[in-house]
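Colleague: Sequence first, then the predicted structure, then my questions.
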Amino acid sequence: MSKAVYRRFRDKGRMMPEGLAFVGSWVSADLGRCFQLMECDDVTLLQRWVVEWSELIDFEIVPVVAGRDTAAALPA
């Protein structure tokens, strides 16, 4: 994570559009990666948030669902 990322966060916050919820954040021990868990019903909200940070951060977005929802969707 670069100092520029932390500076922007300090100055402007997460810069999330209305409807995008921040769930949690974890940073690797070497400070090289940050994992953000976000929640929304409209993927374009996530895209709008990414645009706000894309000149400072490379994103890898992995859609996930709760394990219980996956289990419920599987045939018996």
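Modeller: Nice, thanks for sending it over.

Colleague: Now do the contacts for the residue nearest to Cys40 when sequence neighbours are not counted.
Modeller: If you skip the residues right next to it in sequence, Cys40 has Leu20 as its closest partner in space, 4.7 Å away by CB to CB, 6 or more residues apart in numbering. C-beta: built from backbone N, CA, C; applies to glycine. Taking CB atoms under 8 Å, 6 or more residues apart in numbering as the definition of contact, the neighbours of Leu20 are Met38, Glu39, Cys40, Leu45, Leu46, Arg48, Trp49.

Colleague: before we move on, what about Ala73?
Modeller: With contacts defined as CB under 8 Å, 6+ apart, Ala73 is in contact with no residue.

Colleague: For it, give its distance to Val62.
Modeller: Taken as CB to CB, to the nearest Å, the spacing of Ala73 relative to Val62 amounts to 18 Å.

Colleague: can you dump the C-alpha coordinates of the helix or strand in which Gly24 is found into CSV?
Modeller: When elements are assigned from DSSP states H and E, Gly24 belongs to strand 21-27. Once non-C-alpha atoms are left out, strand 21-27 reads as follows in CSV (Å, rounded to 0.1, in the frame of the first residue of the first chain):
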residue,chain,number,x,y,z
ALA,A,21,-21.5,-0.7,2.0
PHE,A,22,-18.0,-1.2,3.5
VAL,A,23,-17.9,-4.5,5.5
GLY,A,24,-14.3,-4.8,6.5
SER,A,25,-10.6,-4.4,5.5
TRP,A,26,-7.5,-6.5,6.0
VAL,A,27,-3.9,-5.6,5.1
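
Colleague: Before I go, just wanted to say thanks for your time.
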